[in-house]
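# starting from these lines, generate the structure:
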Amino acid sequence: MAQNRFELEVISKIDNLPVIIDFVGEKLMKRADPATVYRVQLAVDEASTNIIKYAYGEKEGLLKLIMELNGDELVITLISWGKPFDPTSIPPPDLNAALEDRKIGGLGMHFIRKFMDEVSYSFDTVKGNRLILKKRFH
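Got it, this is the predicted structure:
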């Protein structure tokens, strides 16, 4: 039986984003079409960037990624031990507003929600921040 669970641990540095994205792409390449792989990579890139920039800020820490492939469902869990922040609490951007009236930022979470089927977050002082991204392959 093929392995369906993959883990990656990196130091929370922007320089490690290509490592994370390549890992996701490599594991999905034979299971999904290129457009889906790209969307999942983009969602993971946005989520990882937010963790690195906001949960850890100037400090470095551990960022753990767990990918589980179960039939036609992919579950990606991003775990960090930086400052707790629930990205799912960010309201959707007003994409109909004039450009000059739009808030700066917030589009990363918009893309994560758009490209993934489910997004959830939990925090535990021992288990850390857990951002869970789910994608079903149709």
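# quick one: contacts for the closest residue to residue 128 other than its chain neighbours?
Excluding the flanking residues, the one nearest residue 128 by CB to CB, 6 or more residues apart in numbering is residue 81, at 4.3 Å. Using the backbone N, CA and C atoms, a C-beta is placed for each residue, glycine as well. Each residue near residue 81 by CB atoms under 8 Å, 6 or more residues apart in numbering is listed here: 61-62, 128-129.
# try 7 Å
Listed by CB atoms under 7 Å, 6 or more residues apart in numbering, the contact partners of residue 81 are 61-62, 128.
# longest single helix anywhere in this protein?
Ranked by number of residues, the top helix in the chain under DSSP state H is helix 34-50.
# show me what the lowest-mean-pLDDT helix or strand in the chain is packed against.
Comparing every helix and strand of the chain by mean pLDDT, DSSP states H and E singles out helix 107-115 as the least confident one, with a mean of 87. When contacts are defined as 3 or more CB pairs under 7 Å, 6 or more residues apart in numbering; DSSP states H and E, helix 107-115 sits against helix 34-50.
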